[in-house]
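A.B. asks: A predicted structure for the sequence below; I have some questions about it.
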Amino acid sequence: MTTMKDVANRAGVSTATVSRVLNGHAAPTEQTRTRVLAAIDELGYRPNALARSLRMHSTKTLGLIVSDLLNPFFAEIARAVEDEARAHGYCVVFGNADESAEQQATYVRTLLDRRVDGLLVCPATDDGGWVAEVTESGVPLVLLDRTVDGSTAPVVRVDGTEALRELAASLVATGHERIGVIAGPANTSTGRERLDAFSAALAELGRRPRPEHVLHGDFRRASGAAAAAALMSLPERPSVLVAMDNLMGLGALEELRGRGLVVPRDVGLAVYDDQPWFPLLDPPITVIAQPTVAMGGAAARSLLALIAGEQPADVRLTARLVSRGSCGEAGLVSERASSPFNTAVRTRPTSVSEEDS
């Protein structure tokens, strides 16, 4: 393996001069710099990146741990983080917690061992026991999307309170009286906050959800399907479902179609989080859209500011309601709710591919 000493011997200079050229410092003369670069090319020398990072106290890498990389919401955020980091000369190392606190802790330790310059973490749960380990290491930390107990790290998140209020008002105006909610896990800040904000908005309008009409999922597709199945099996089933996550919403839609129910004729559907294919469905799905690209970019900038010795403030972006017709029209829902056949289920199954075509 070619070493820096080999380059120095070929160029007829000291290793210190080779180091200065490699690090962008001025060489004694331009001719010397040219000889060093020529020797590097001739010998095919590649600096040891790890050794160099230890000397420079920087690896130019950021660690990003997301809750579920299969969730398009986090995939879009990861892409935005990577774009912003690359624009500042950094690479990003990803870890998928898979909604597991144990797996998240493993990735935190692994990335700290790899000497990343900073960490971005979307916490899998409220448990912040791992934060102390990051703090002790001195590695800058920014929380993304969710908060954890006892952390003072900057947080970049989205406030969906107003969008949920608008959705509640829209559903009530449309005539929905039995509103089913597929909430996220209660041990995550987003799971609690979305349910609390939506329930409070409905209560102000005199439509607080019945306890049996609120079920918790785990931000996964299967849990959305299971919750929809349970809600649609009730004697007085909801006239509309609100899924507080895109994957749970997708699972709910799959279950509804498997039962032969047509959206919004038989039951309405709204989903927290937008996806590129939601507007393409028939009918297009009403959503609460989060600014994922802005979120990822802001998180990366906050972390880079911490690395530079600054103290960035928390960032709170705003979600918005995008109404597309999957919750029904005013008058039609009220008429359906008063019908003695409102609990009937069509038995002819319809495949997802058939409905999407």
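C.D. replies: Sure thing, it's come through. Numbering: from 1, shown residues only.
A.B. asks: which residues in the stretch 251-357 of the chain form strands?
C.D. replies: Remark: strands assigned in the stretch 251-357 of the chain by DSSP state E, counting those that start in this stretch are 268-272, 286-289, 315-318, 320-322.
A.B. asks: same check on the stretch 1-150 of the chain?
C.D. replies: All strands of the stretch 1-150 of the chain, identified by DSSP E, counting those that start in this stretch, fall at 61-66, 91-96, 118-121, 141-144.
A.B. asks: low-confidence stretches in this structure?
C.D. replies: For the chain, the stretches with pLDDT under 70 are 1, 23-26, 47-57, 330-357.
A.B. asks: could you measure from the residue positioned nearest the centre of it over to residue 187?
C.D. replies: Residue closest to the average C-alpha location in the chain (CA atoms, centre = their mean): residue 74, at 3.0 Å. Going from residue 74 to residue 187 by CB to CB, to the nearest Å gives 18 Å. In short, each C-beta sits where N, CA and C put it, glycine included.
A.B. asks: likewise residue 94?
C.D. replies: 24 Å.
A.B. asks: neighbour count winner among these two?
C.D. replies: residue 94 (17 against 14; other CB atoms under 10 Å).
A.B. asks: the more buried one bridge partners, please.
C.D. replies: residue 64 (DSSP bridges).
A.B. asks: try residue 315
C.D. replies: Beta-bridge partners, per DSSP bridges, of residue 315: residue 156.
A.B. asks: over to residue 118?
C.D. replies: residue 62.
A.B. asks: any idea how many residues pack against it?
C.D. replies: 23.
A.B. asks: contacts only, for it.
C.D. replies: By CB atoms under 8 Å, 6 or more residues apart in numbering, the contact list for residue 118 reads 62, 63, 139, 140, 141, 142, 303, 304, 306, 307.
A.B. asks: let's see it at 6 Å
C.D. replies: 62, 140, 303, 307 (CB atoms under 6 Å, 6 or more residues apart in numbering).
A.B. asks: right, and the second one touches residue 306 too?
C.D. replies: Yes - under the criterion of CB atoms under 6 Å, residue 140 lies in contact with residue 306, with a separation of 3.6 Å.
A.B. asks: these two - which one has more neighbours?
C.D. replies: Using other CB under 10 Å as the criterion, residue 140 and residue 306 rank with residue 140 on top: 24 against 20.
A.B. asks: re earlier: between the strands of the stretch 1-150 of the chain, which gets nearest to residue 283?
C.D. replies: Closest to residue 283 of these, according to CB to CB: strand 61-66, at 30.6 Å.
A.B. asks: can you give me the helices for the stretch 51-200 of the chain?
C.D. replies: Per DSSP state H, counting those that start in this stretch, the stretch 51-200 of the chain carries helices over the ranges 72-87, 101-113, 131-137, 161-174, 189-204.
A.B. asks: out of those helices, which is closest to residue 260?
C.D. replies: Of all these, the one in closest proximity to residue 260, counting by CB to CB, is helix 161-174 (22.6 Å).
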